[in-house]
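Peer 1: Generate a structure from the sequence data that follows.
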Amino acid sequence: MRGLALGFMLLLSPFLSASKACYSAEEALSHQNKDVCITAHVYDVVELADGTRFLDVCRPEAPDAECRFTVMSANKDRQEVGDLSQFRQQDIQIRGIVRPFGGRAEILLSNPRQFHGGAEKFHPNPALLHGFSAEDGRPAISDPTLRSGHHRSVFQTAH
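Peer 2: The predicted model follows:
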């Protein structure tokens, strides 16, 4: 039995050790809406007035129209993501969902584990949480079939 388990592990070992390939920043646009690894060189870190930060992965001499990929970190994730200036003039690998953004592709950097193959931080959709409170015992959605007094079971049929 032990030999069978060892044989099974040896058979699976190439699959277990194989890591996902990283795509170049130039290939990112062709992987829209997919959770992938992108490798790029960070030339600069740019911060907007609202605290949004970008890892500029385009060569300084390249025109803006040729820059087809960026990494964006929202101000609300600043504390968790930390100081991004450490990545200036560094090659990085980042994992995330490649999203279309103004004819370009971007990955949202929301958690530092993305630099080590981890997933983005989950941000719940605020529109779905509107009016929801766990303390009131009501469901998070307004479904008429869930209201008391109006429920009619599909098993209660008139004959």
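
Peer 1: by contact count, what packs against whichever strand or helix holds Arg99?
Peer 2: Arg99 is part of strand 90-101, with elements assigned from DSSP states H and E. Here strand 90-101 touches strand 35-42, strand 69-73, strand 104-108, going by 3 or more C-beta pairs under 8 Å, 6 or more residues apart in numbering; DSSP states H and E. Every residue, glycine included, has its C-beta placed from N, CA and C.

Peer 1: Toward the C-terminus, what is the element adjacent to the longest one?
Peer 2: In this case it means strand 35-42. Strand 35-42 is succeeded, C-terminally, by strand 44-47 (DSSP H and E).

Peer 1: Can I get that following strand as CSV, trimmed to CA atoms?
Peer 2: The C-alpha coordinates for strand 44-47 follow below in CSV (Å, rounded to 0.1, in the frame of the first residue of the first chain):
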residue,chain,number,x,y,z
ASP,A,44,8.7,54.5,-11.7
VAL,A,45,6.0,54.7,-9.0
VAL,A,46,3.5,57.4,-9.7
GLU,A,47,1.0,58.7,-7.1
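
Peer 1: list the buried ones in the host helix or strand of Tyr23?
Peer 2: According to DSSP H and E, Tyr23 maps onto strand 22-24. Residues of strand 22-24 classed as buried by neighbour count (16 or more other C-beta atoms under 10 Å): 22-23.

Peer 1: Next: stretch 37-44.
Peer 2: Residues 37-40, 42-43 are the ones in stretch 37-44 that count as buried (16+ other C-beta under 10 Å).

Peer 1: need those residues in CSV with distance to Arg99 and pLDDT, can you?
Peer 2: Formatted as CSV, the buried residues of stretch 37-44 follow (distance: C-beta to C-beta, whole Å; pLDDT from 0 to 100):
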residue, distance to Arg99, pLDDT
Cys37, 15, 96
Ile38, 12, 95
Thr39, 18, 96
Ala40, 16, 95
Val42, 19, 96
Tyr43, 21, 96
